[in-house]
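> Return atomic coordinates for the entry below.
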Amino acid sequence: MNCITLIGMPGCGKSTVGVVLAKTSGKDFIDTDILVQEHEGELLQNIIDYNGIEYFKKIEAKVLTELSKKNCVIATGGSAIYYPEAMNNLKSQGVVVYIKLPFETIKKRLDNIKTRGIAMEDGQTLETLYEQRIILYEKYADIVIDGGNKDVEKLVEEILNDLTRKKACKIQE
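Sure thing, here's the model as predicted:
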């Protein structure tokens, strides 16, 4: 139980922060979007375009539910929180950290929303997706990090500090 799983909206910095966090903490790094692409031999957006959103979700859920790792940082796709069994699996392997950003920041960062491989239903807006997901991110998070106006190094520092505090609290219990 020594993995750190990062959750949050697309564009919040999970992959970028994850790489630096892995280097800083001496852990391996895994990006589950890449695992899904490897599983299918196709880019995320192509999986969605050619097979549909439900197929994509089925594959993503399978990859996340079957993932079994130790001593790593896991950057998940933004839709990981849709699969309770998968999130329970990730939580059983360590701590889940939600990188929270305001909607306006996410909107500014996602200029490639149509090609990025985001699990959105037909007709869904980025704002409704955000509102739907933040509830689930908060539900599954062990730690919530406010990512607003912070660089990668500051986010990594805050995550590590919160993990240290969390461990200290567990020891005292």
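
> From here on, just use CA atoms for contacts and neighbour counts.
OK.

> Show the pLDDT at L126.
Looking at L126, its pLDDT reads 87.

> ok, now I113?
On the pLDDT scale, I113 is placed at 59.

> pLDDT averaged over the helix ranked longest in the chain - what is it?
Ranked by residue count and defined by DSSP state H, the top helix of the chain is helix 152-172. pLDDT averaged over helix 152-172 equals 82, rounded to a whole number.

> Buried residues in the helix or strand bottoming out on mean pLDDT in the chain, which are they?
In the chain, no helix or strand scores lower on mean pLDDT, DSSP states H and E than helix 152-172, which sits at a mean of 82. By 16 or more other CA atoms under 10 Å, the buried positions in helix 152-172 come out as V152, L155, V156, I159, D162, L163.

> ditto for stretch 23-32
Counting neighbours by 16+ other CA under 10 Å, one finds that the buried residues in stretch 23-32 are K27, D28, F29, I30, D31, T32.

> Look up phi and psi at the last one.
The reference is to T32. Per-residue torsions, T32: phi -70, psi -20 (degrees, to the nearest 10).

> correct me, but it touches I74?
Yes: applying CA atoms under 8 Å as the test, T32 and I74 come out as touching, 7.1 Å apart.
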